[in-house]
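Colleague: Mind folding the following:
(one chain, ligands or ions: 2)
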Amino acid sequence: MPDASAGHYDAIVVGAGFSGLYLIKRLRDAGFTVLAVEAAPSVGGTWYWNAYPGARCDVESFDYCYSFSRELEQEWSWSERYPSQPELLQYLNFVADYFELRPNIRLDTRVTSATFDEDEGLWDVRLDSGDPVSGRFFILAGGAISVPKPPEIDGIDSFAGECYHTGNYPHEPVDFTGKYVAIIGTGSSGVQTSTAIVDEVAELTIFQRTANFVAPIINRPLDDAAHAEYRRTSFERHEKSRHSRQGIPHDQPTRSALDVSDEEREEIFGDAWENSHLFGLRLTFNDLLFDEKANDTVAEFVRGKIRGIVHDPEVAKTLTPRGYPYGTKRPCIGKDYFAMFNREHVHLVDLKQTPIMRMTPKGIATSEGEMQFDTVIFATGFDALTGAAGRIAITGRGGETLRDKWVDGPQTYLGLTCNGFPNMFLVTGPGSPGPLSAMVRSIEQHVDWIGDCMVHMREEGLATIQALPDYEINWMDHVQEVAEGTLYPRADSWYIGANVPGKPRKFMPYLGGVGVYREKCDAVVSAGYDGFAFGADK
Ligand code: FAD
Ligand code: NAP
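Modeller: Ligands and ions are numbered 1, 2, ... in the order given. As a prediction, this is how the structure comes out:
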C-alpha cells in the first residue's frame, strides 16, 4: 500500500464537488488511499463557487443528489423541489461530514501540473502549496462547468465600481439596494441573477447577445408526504434515471410533434409550460431535437408566450430567440423572467444592435454612449468541458502534453480515459453524456466505472491502463456522428466550444443518452475492457 504520510497515494483526485466527494468515498471503501485536492476553501464545487443571487439547481432535488447510499437518503431532507445553492452547499458539506471525507481533502490548494513517471508508473502531481504528491492514478474531477469565462471586453480593470462573475461570486452579501446594476449574459446564470435582484436595485440593465428560451420555474416546498413518497420509491426512481436518456426518471415521449393537431400540440406544450420542469417542454414529443419542423413548433410556442407576456413589442422582439433551434443551447427555467422586462426600472440592451465598446471607470461604453453603473455582473459562462483539465500542465507518456493532444479538440475514449495518459481518468469529460444530463446520475456512473476498473487492476496485478488509439478515435467519431444526427450542432453553444474565442469547434458531450452510454461502458468491461491496453506490474 502506498505511503500516504510520504505524499504517495493510490489516487490523486482533482476537485471536491459532487464527483470528488463520491470518488473519495467509493475508492476509500474499496481499500484505496485517496487525496482530493480542491482549489476552493470549501467542498461543494459548483455549489461553492456559484454563490450568486438566485443560484438554484433546475433538476429536481430528488434527482440531483447521490443515490448510492440509502442511509444518506434517510438522513437528508430537501426543502424545495428545486434546491437553492445554499442548500446544495449545505448538502455537500453534510455528505463530507457524514462519510468523514474531510481527512482525504486538501482545501485551498490547486493542482498545477501532473506528469506521468514511466519508470515508477506514478503520476507526479504538483500543487500550488509547493509540496509534491504522487499517485498511481490521477483522476480529473475538476468539473465540466467550473472555469469562469470573462467577457471579451476591453477596460474591465478600469471600472471603479463593483464587478463580479457569477461563477466566482463572493459569499459575503452584496448590497444592491438603490444601485444601478448591469448584468452581461442571458444564460441560466444571468436569468437567475437578474430575477433575484430585480426588486432590490434602483435600475437593472441586461446586456443580451443572444435571446434565450426561458420557461417558468415551478418551484414549491416539499412536505412530509413528498419525502415519504420519495423514500418509498427512490430505488425505482434512481434505477429508471440510470437507464434513461437525460438521467431523470421521466418517460420518454413516443409521438412526433408533427403527428398531432395544432390544438392538441398547443395544449401539450401549455401543460408542460405551466406544470412541468426543466426537461418538461423537451419531453413532450420525441423529435423536437431531431427535426427542424418539429422544433419550430416548440420554438414558436415559446415565442408566442414571450409576445403575450412582454408589453412593449420592440422589447418582446429583442427577447425572442431566433437563429438556433429550441433546446440546442441549454434552455432555462426562471421566475417571471420575461415579465421582469415590463417593469420601468428594467432595461434591455441588444448587443447585436448596440455593441459594448469597452468598460470605463464609470460603467460601460456602448456604440450609443456611456452608461453608468455601480455594479457590473458578468454572467458570461464557462470554458466548459476542457477548461479545468486544460489549466493543469498534464504530461503523459513520452512527454506528450494533454494541451498538445487536445489542440484540435479533445480526444477521449468513453469520456473517461485518454490514449498516452495511462491511469488518468476523467469524470464528465468530453465524450461523456454528463453535461447534457442530470449530472449526479452521470457522475455516479463514471465514478463506479473508475472504481471497478481500479479494483479489477488490483485483483489482476495490472499496473497501467490506457485507451487504445483506434478506439479513442472511433469514440470521438461516434460522439460527432450522434451529435450530427440532431439539431444541437446548429447552435453556437458551449457544448461545441463556440463561446470561447479560438476554441476548436467540436461537439463535446455524448448525445446517445445516459442509459445507452452506461450499456456501452458495461459492454466494454464484459468484453474484457475492450479498447484498453493494460500494463503488468513491474
Ligand atoms: P464541480 O462541482 O465543478 O467541482 C469541481 C471542483 O474542482 C471545483 O470546486 C474546482 O475548484 C476544483 N478544481 C478544478 N480544477 C482544479 C485544480 N487544478 N486544482 C484544484 N481544484 C480544482 N447540473 C445539473 O445536472 N443540474 C443543474 O441544475 C445544474 N445547475 C448548475 C448551475 C450552475 C451555476 C453551474 C455552473 C453548473 C450547474 N450544473 C448543473 C452542472 C454542475 O457543474 C454539476 O451538476 C456538478 O455540480 C458537477 O460536479 P463536479 O464535482 O463534477 O464538478
Ligand atoms: P451560458 O449559458 O454560457 O450563458 C452565458 C451568457 O453570456 C450567454 O447569454 C452569452 O451569449 C453571454 N456572453 C458570453 N460572452 C459574452 C460577451 N463577451 N459579451 C456579451 N455576452 C456574452 O453560461 P451560464 O448562464 O453561466 O450557464 C452555463 C451552464 O451552467 C448552463 O448551460 C447550465 O448547464 C449550467 N447552469 C445551470 C443553472 C441552473 O439553472 N441550474 C444555472 C446556471 C448555470 P451567447 O449566447 O451569445 O454566447
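Colleague: Number of residues surrounding the residue of the stretch 151-300 of the chain found nearest ligand 1?
Modeller: The stretch 151-300 of the chain approaches ligand 1 most closely through Ser189 (5.5 Å), counting by Cβ to the nearest ligand atom. C-beta coordinates here come from the backbone N, C-alpha and C atoms, glycine included. Using other Cβ atoms under 10 Å, Ser189 has 26 other residues around it.
Colleague: quick one: stretch 202-218 near ligand 2?
Modeller: Yes - judged by Cβ under 6 Å from any ligand atom, stretch 202-218 comes into contact with ligand 2 through 207, 209-210.
Colleague: Please report which of those residues has the highest neighbour count.
Modeller: That'd be Phe207 among the residues of stretch 202-218 next to ligand 2, by other Cβ under 10 Å, with 27 neighbours.
Colleague: Now for Pro331: which residues touch it?
Modeller: Listed by Cβ atoms under 8 Å, 6 or more residues apart in numbering, the contact set of Pro331 reads 212-215, 278, 281-282.
Colleague: swap in Tyr471?
Modeller: Contacts of Tyr471 by Cβ under 8 Å, 6+ apart are 413, 530-532.
Colleague: secondary structure element for it?
Modeller: helix 469-484 (DSSP states H and E).
Colleague: Ser146: what's it in contact with?
Modeller: 15, 17, 45-46, 49, 167, 382, 387-388.
Colleague: Same check on Leu89?
Modeller: Residues in contact with Leu89, defined by Cβ under 8 Å, 6+ apart, are 42, 44, 47-48, 51.
Colleague: buried residues in the lowest-mean-pLDDT helix or strand in the chain?
Modeller: Lowest on mean pLDDT, DSSP states H and E among the helices and strands of the chain sits strand 332-334, with a mean of 91. By 16 or more other Cβ atoms under 10 Å, the buried positions in strand 332-334 come out as 332-334.
Colleague: swap in stretch 472-492?
Modeller: Going by 16+ other Cβ under 10 Å, stretch 472-492 has these buried residues: 472, 475-476, 479-480, 482-483, 486-489, 491-492.
Colleague: Then stretch 89-102?
Modeller: 89-93, 95-96, 99, 101.
Colleague: hmm, which two among those are most spread apart?
Modeller: Among the buried residues of stretch 89-102, the pair separated by the greatest distance (Cβ to Cβ) is Leu89 and Phe99, at 16.5 Å.
Colleague: which strands and helices sit next to the helix or strand Ser134 falls within?
Modeller: Assigned by DSSP H and E, Ser134 belongs to strand 133-140. When contacts are defined as 3 or more Cβ pairs under 8 Å, 6 or more residues apart in numbering; DSSP states H and E, strand 133-140 packs onto strand 8-14, strand 34-37, strand 111-117, strand 122-127, strand 424-426.
Colleague: so which of the ones you listed gets nearest Gly363?
Modeller: For Gly363, the closest of the helices and strands packed on strand 133-140 is strand 111-117, at 36.2 Å, according to Cβ to Cβ.
Colleague: how many degrees apart are that closest one and strand 122-127 in direction?
Modeller: If you take axes from the mean of the first three to the mean of the last three Cα atoms, to 10 degrees, strand 111-117 sits at 160 degrees to strand 122-127.
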